[in-house]
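S.K.: Build me a model:
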Amino acid sequence: MTPRTPTTVDRPARGEASGTETESDRGDELARVDAWWRAANYLSVGQVFLLENPLLAEPLSHEHIKPRLLGHWGTVPGLTLTYAHLNRVIARERRELLFVAGPGHGAAGLNAAAWLEGTYSEYYPDVGQDVEGMRRLFRQFSFPGGVPSHASPHLPGSFHEGGELGYSLAHATGAAFDNPDLVVACVIGDGEAETGPLAASWHAPAFLHPERDGTVLPILHLNGYKIANPTLLARLPAPQLAELLRGHGWEPVEVAGDSAYAVHEAYAAALDECFALITQRRHPMIVLRTPKGWTGPDTLDGKPIEGNWRSHQVPLPAARHDPHQLAQLESWLRSYRPGELFDSSGAPAREIREANPSAELRMSAQPMAHGQVQRALRLPEIAEHAVDVPAPGRRYAESTRALGRYLRDVLALNADQRNMLLFAPDEHASNRLDAVFDVTGRRWLLPTRQGDDHLDARGRVIEVLSEHLCQGWLEGYLLTGRHGMFSSYEAFTHIVDSMVAQHAKWMHMAAEVPWRRPVPSLNYLLTSHVWRQDHNGASHQDPGFIDHILSKRPEVSRVYLPPDANCLLHVTEHCLRTNGLVNVIVAGKQPELQYLDLDAARAHTEQGLGIWEWASSDTESGTDVVIACAGDVPTQEALAAVQVLRGLVPDLRVRFVNVVDLTRLAAPQRHPHGISDREYSAIFTSDVPVIFAFHGYPWLIHELTYNRPGHEHMHVRGFGDKGTTTTPFDMCVLNEIDRFHLALAALERIPRMAGRLGHLRQHLLGELARHHDHIRRTGEDMLEVRAWTWGP
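M.R.: Numbering: from 1, shown residues only. Below you'll find the predicted structure:
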């Protein structure tokens, strides 16, 4: 069966008695919108199916069809319809708009839009606005050596890929923060609307300031189906859906139909209404009900295609081999009347060009989407926030409290340019970062009550108990050129594992696109970490987020484990200065020993790792053992182990190594931060045992160092997923990174200790037994553990 011919908009005749001049102008305007929409749909179908014959200059043959048909048609007509109507508003209102396509699998429609606007050809001159350029546009889509099937960084105007669903509205909201003149139009597929992150994203009006932030305009596209099933919101009665959306603070305006003329009229009126509401600082949105796969084939082999889930991907999957499907495809393409839409050279017709906004307002040319609009971050002097360290390991301090004072001053220095936000799931005060509330509050636009703490409609701290929203809002903010940090309990950052993986992929791919600028880095502070979650128990004990990050592209991934406050300050300053990276900082919030003064901390963090001479006792004559560590608690236990060893074997030659930047351990062929084998051996040696106390899962250190000299001598102790509600030191004992287990592991691997090992082992096991009995009797760690400090 042939595809249904799209109903198009006819211009009222000039001077026709049935219309006023205004109606005639409106008719011309909508006729241009319709022509643009048909052209975009034609180009989208061509990208999915055609290798050759882009303008149907001859009858379609099987050789003109791609051998593998890839792509998603079902969502495209809704995307192109929305894009066409937004262009009408942009041209009239001269407004800055960003376009976010939640269903990014409809990228064929977005490629078509960028090509029709001329932007695609500006960035890719070989894909010009002519027959050959059109052929290349078609051929390269989802094709080896071509462009991906989603709205990836190759696509002008895109900053949201839309591959993994759920994050479109969060990204749009993040982009709108601190952009008061911006409107972010966000198309949300009704399948995506079923995801948890998207469901939470409807809360945005509670955080968007009417004067300081831009406008988010959601377009909820209810085409009725996912891949193979109906969608929930499309089957929800319209009044019930409207009530749900109004409850979140939105004012829904509905557009529905399957007649092009009626839908164009309704959509134009709806957007006019929405932009009138926007000028009143309200939160309009559109609920769009049009058929899935609209204007495509009606049926195939007696089964419905248009308006059905079968249109989701490729409606005519055998078009290259099946003569009937080939004929359907040709009829479908010709139904758009390409001869009216493109001239003989293949360029868009005058009517299409007139429907485009002026060059600087094209959504596909929005510089903000390309990282080309950035506001440099001003940073305070670290010296003003340094912790005094008169001697290593003698004084306790809360490292994140020092960081909170630093971040307070970062916010204050940048208050006028509003280019820094802090995000957390209700944890800034808990994580000792509450100094930031000296200069700002928590963003909150809902009613307040007596006793509420630091709520502020203009707050620079955004707390919402959804890691998905913290991540998504921050990503949208960063991708449009601003700066921020996401702090969280360490274990619960796993909630956004998939989101950060998608962001890392975007950053890596964007770095390969020459017209995109690197955007500020995604910075995490993981605190309330595994070794100080003794009070909350096993559910809060998981350091595996750093494993996840280091499994991503090395050009993008960085992990830092500063041992004390001054190192934390230097690492944070460095991370806030970087672009194009995912930086993870792990630091505890509890009082901990401080080791390095400001200058020593600077040198140590710049190097990323090094020997602490003041804690070492090896000599030019040799080294018996290397005690290495990464992480604040492992550093303390490793130092305590050195002290235990000195007490047991005073002449033992111990080298102490601390690692801040984990990626320095990797070989330079595997990670750009990796040090050379020569440097590595100079620090760790290659022929003596290395006892490594690690913050996370031990196999990560083995993975990073597996091809290093002397790897067979590397013995790592880390979190073994042994945890419960207990004392802080007992967490270390359970996982054998405590001072006694570390000392024993060292002694067992030093050949000259073999004759004395029995006695020494008995002593250390006795200390562990004493600890075991003490905590069960008193409920707290032994005093010599709780009050331990480093001493010569």
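
S.K.: Going by residue numbers, what spans are helices in the stretch 401-550 of the chain?
M.R.: 467-479, 497-510, 545-550 (DSSP state H, counting those that start in this stretch).

S.K.: Sorry, wrong one. I was asking about the stretch 1-150 of the chain.
M.R.: All helices of the stretch 1-150 of the chain, identified by DSSP H, counting those that start in this stretch, fall at 21-49, 76-93, 107-116, 119-123, 131-140.

S.K.: name the helices or strands packed onto the fourth one?
M.R.: This points to helix 119-123. Packing contacts for helix 119-123, counted by 3 or more C-beta pairs under 8 Å, 6 or more residues apart in numbering; DSSP states H and E, involve helix 107-116. C-betas here are computed from N, CA, C, even on glycine.

S.K.: relative to helix 131-140, how tilted is the helix it packs on?
M.R.: Helix 107-116 and helix 131-140 are oriented at 160 degrees to each other (axes from the mean of the first three to the mean of the last three C-alpha atoms, to 10 degrees).

S.K.: which residues touch the residue nearest the centre of the chain?
M.R.: In the chain, the centroid-proximal residue (C-alpha atoms, centre = their mean) is His503; its distance is 3.6 Å. By C-beta atoms under 8 Å, 6 or more residues apart in numbering, the residues touching His503 are Glu475, Leu522, Val582.

S.K.: beta partners of the last one?
M.R.: Meaning Val582. Leu522, Ser557 (DSSP bridges).

S.K.: right, and it touches Leu550 too?
M.R.: No - between Val582 and Leu550 there is no contact under C-beta atoms under 8 Å: 10.0 Å.

S.K.: Mind listing the shared neighbours of the two?
M.R.: Common neighbours of Val582 and Leu550 are listed as Ser557 (criterion: C-beta under 8 Å, 6+ apart).

S.K.: what about this structure, any weak spots by pLDDT?
M.R.: 1-22, 792 (pLDDT under 70).

S.K.: Could you chop it up by domain?
M.R.: Per automatic domain parsing, the domain ranges recorded for the chain read 21-357, 382-592, 608-786.

S.K.: Pick the most deeply packed of the helices of the stretch 1-150 of the chain.
M.R.: Highest mean neighbour count among the helices of the stretch 1-150 of the chain (mean count of other C-beta atoms under 10 Å): helix 107-116, with a mean of 28.

S.K.: same for it, what does it pack against?
M.R.: Helix 107-116 sits against helix 21-49, helix 76-93, strand 96-101, helix 119-123, helix 131-140, with contacts defined as 3+ C-beta pairs under 8 Å, 6+ apart.

S.K.: Distance to Val216 for these - can I get that in CSV?
M.R.: What follows is these, written out as CSV (distance: least, C-beta to C-beta, whole Å):
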stretch, distance to Val216
helix 21-49, 23
helix 76-93, 14
strand 96-101, 9
helix 119-123, 23
helix 131-140, 31
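
S.K.: can you tell me which of the ones you listed comes nearest to Ile286?
M.R.: Checking the helices and strands packed on helix 107-116 against Ile286 by C-beta to C-beta gives helix 76-93 as the closest, at 8.3 Å.

S.K.: Which elements pack onto the closest one?
M.R.: For helix 76-93, the packing partners by 3+ C-beta pairs under 8 Å, 6+ apart come out as helix 21-49, strand 96-101, helix 107-116, strand 182-189, strand 215-221, helix 260-279, strand 284-289, helix 350-355.

S.K.: just to revisit the earlier point, can you convert the helices of the stretch 401-550 of the chain into a markdown table and add a column each for distance to Gly109?
M.R.: Output for those, formatted as a markdown table (distance: least, C-beta to C-beta, whole Å):
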| stretch | distance to Gly109 |
| --- | --- |
| helix 467-479 | 21 |
| helix 497-510 | 20 |
| helix 545-550 | 33 |
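
S.K.: winner for burial among the ones you listed?
M.R.: Mean neighbour count (mean count of other C-beta under 10 Å) peaks for helix 467-479 among the helices of the stretch 401-550 of the chain, with a mean of 27.

S.K.: That one relative to strand 96-101, how many degrees between them?
M.R.: Using the same axes, to 10 degrees, the direction of helix 467-479 lies 130 degrees away from that of strand 96-101.

S.K.: how many other residues sit next to the nearest residue to Ala318 once chain neighbours are set aside?
M.R.: Nearest residue to Ala318, sequence neighbours excluded (C-beta to C-beta, 6 or more residues apart in numbering): Gln325, at 5.1 Å. A count of nearby residues for Gln325, using other C-beta atoms under 10 Å, gives 19.

S.K.: ok, now which ones touch Gln325?
M.R.: Gln325 makes contact with Leu300, Leu316, Pro317, Ala318, Ala319, according to C-beta under 8 Å, 6+ apart.

S.K.: From Arg281, how far out is the fourth one?
M.R.: Yep, that's Ala318 we're talking about. Distance of Ala318 to Arg281, computed by C-beta to C-beta, to the nearest Å: 53 Å.

S.K.: Equivalent analysis for the second one, please.
M.R.: When C-beta to C-beta is the yardstick, Leu316 and Arg281 sit 47 Å from each other.

S.K.: Please identify which of those two sits among more neighbours.
M.R.: Leu316 (25 against 11).

S.K.: Would you confirm that that one contacts Pro297?
M.R.: Yes - between Leu316 and Pro297 there is a contact under C-beta under 8 Å: 6.4 Å.

S.K.: what touches both of those two?
M.R.: What both Leu316 and Pro297 touch, as defined by C-beta under 8 Å, 6+ apart, is the set Gln328, Trp332.

S.K.: Kindly confirm my reading that Glu254 forms part of a strand.
M.R.: Yes - checked against DSSP: H, G, I helix; E, B strand; the rest coil, Glu254 lies within a strand.

S.K.: check contacts around it.
M.R.: Ala238, Ala242, Ala270, Ile286, Val287, Leu288, Arg289.

S.K.: for stretch 209-225, how far is the first residue from the last?
M.R.: Length of stretch 209-225, first residue to last, C-alpha to C-alpha, to the nearest Å: 34 Å.

S.K.: Please give the centre-to-centre distance between it and its chain.
M.R.: Chain-centre distance of stretch 209-225: 20 Å, with C-alpha atoms, centre = their mean, to the nearest Å.

S.K.: Likewise for stretch 451-468?
M.R.: In terms of C-alpha atoms, centre = their mean, the centre of stretch 451-468 is set 21 Å apart from its chain centre.

S.K.: okay, stretch 294-310 in PDB with CA atoms only?
M.R.: C-alpha atoms of stretch 294-310 as PDB (Å, rounded to 0.1, in the frame of the first residue of the first chain):
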ATOM      1  CA  TRP A 294       3.400  10.600  10.600                       C
ATOM      2  CA  THR A 295       3.500  11.000   6.800                       C
ATOM      3  CA  GLY A 296       5.200   7.600   6.400                       C
ATOM      4  CA  PRO A 297       3.800   4.400   5.000                       C
ATOM      5  CA  ASP A 298       0.200   3.700   6.200                       C
ATOM      6  CA  THR A 299       0.600  -0.100   6.300                       C
ATOM      7  CA  LEU A 300       2.900  -2.900   5.300                       C
ATOM      8  CA  ASP A 301       1.700  -6.400   4.600                       C
ATOM      9  CA  GLY A 302      -1.700  -5.400   6.100                       C
ATOM     10  CA  LYS A 303      -0.200  -4.300   9.400                       C
ATOM     11  CA  PRO A 304      -0.400  -0.700  10.500                       C
ATOM     12  CA  ILE A 305       2.800   1.400  10.300                       C
ATOM     13  CA  GLU A 306       1.900   5.100  10.700                       C
ATOM     14  CA  GLY A 307       0.500   5.800  14.200                       C
ATOM     15  CA  ASN A 308       1.900   2.500  15.400                       C
ATOM     16  CA  TRP A 309       5.000   1.100  17.100                       C
ATOM     17  CA  ARG A 310       6.100  -0.500  13.800                       C
END
